[in-house]
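**Q** just a sequence and a predicted model for now, questions to come.
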Amino acid sequence: MTGRGPARNSPIAPGATPAVAPSGLPYGYIPAFLPGSASLVEQLDQRLMIVLRDGRHLVGTLRSFDQFNNMVMEKTYERKMCCKEGVAYFTDHPLGLYVVRGDSMVLLGQIGKDFPAGRMKEVTQKELDELIKDSGSGGLQWDFDNDLTA
């Protein structure tokens with residue numbers, strides 16, 4: 001047998017070098033970090049926050065993904081936020097089972113269930129609307145199309 005390493009049932013002889021792929025890595029070698037969407041394997045069944053291109057924030061449990069980074073999230077919430085005097089006020093709107101298209105993601109990160117004391121506070125939608133109105137900021141606004149133009 002040539003080109004693909006030793007036969008399946010024959011052990012590599014002591015002192016022999018294993019067959020090497022064109023990439024320079026031995027066949028069967030799995031790197032500690034997998035590039036691309038394969039690195040999402042570590043995030044399965046974890047609670048994540050995703051920032052979308054339109055500025056929305058989604059919080060949910062990652063259940064599945066594909067090679068294009070399309071994701072299926074369970075128990076998903078849309079999180080709306082407003083920052084005032086160093087405190088982030090937020091409210092969550094339940095969405096349920098949600099499919100996120102991979103090319104609409106800007107940022108993804110794992111989050112815990114606990115909030116930093118004094119730094120984040122959950123409020124009702126009515127309270128959040130009042131905070132946004134009082135601050136004059138109009139909520140958290142991102143302009144991805146114009147922020148990166150030269």
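**A** Arrived safely, thanks for sending.
**Q** which parts of the longest helix along the chain are buried?
**A** In the chain, assigned by DSSP state H, the helix with the most residues is helix 125-135. The neighbour-count check on helix 125-135 (16 or more other CB atoms under 10 Å) flags 128, 131-132 as buried. Yep, even glycine has a C-beta here, placed from its N, CA and C like the rest.
**Q** ok, now stretch 78-86?
**A** Within stretch 78-86, the residues scored as buried using 16+ other CB under 10 Å are 78-80, 82-83.
**Q** hmm, back to that, just give me the least confident of the buried residues of helix 125-135.
**A** Ranked by pLDDT, the buried residues of helix 125-135 bottom out at Ile132 (84).
**Q** same list (the buried residues of helix 125-135) but as CSV, adding distance to Leu52.
**A** Converted to CSV, the buried residues of helix 125-135 look like this (distance: CB to CB, whole Å):
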residue, distance to Leu52
Leu128, 19
Leu131, 22
Ile132, 19
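**Q** any low-confidence regions in the protein?
**A** Applying pLDDT under 70 to the chain picks out residues 1-18, 21, 23-25, 27-38, 115-117, 136-150.
**Q** quick one, helices of it?
**A** For the chain, helices defined by DSSP H occupy the ranges 125-135, 144-147.
**Q** could I get those as JSON lines with distance to Gly112?
**A** What follows is those, written out as JSON lines (distance: least, CB to CB, whole Å):
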{"stretch": "helix 125-135", "distance to Gly112": "22"}
{"stretch": "helix 144-147", "distance to Gly112": "27"}
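**Q** so which of these gets nearest Val100?
**A** When those are compared by CB to CB, helix 144-147 sits nearest Val100, at 16.1 Å.
**Q** got the end-to-end distance for stretch 101-112?
**A** 23 Å (CA to CA, to the nearest Å).
**Q** buried residues, that stretch. List them.
**A** Using 16+ other CB under 10 Å as the test for burial, stretch 101-112 gives 105, 108.
**Q** what residues does that stretch touch?
**A** Around stretch 101-112, the neighbours that count as contacts under CB atoms under 8 Å, 6 or more residues apart in numbering are 37, 43, 46-54, 59, 65-66, 68-71, 144.
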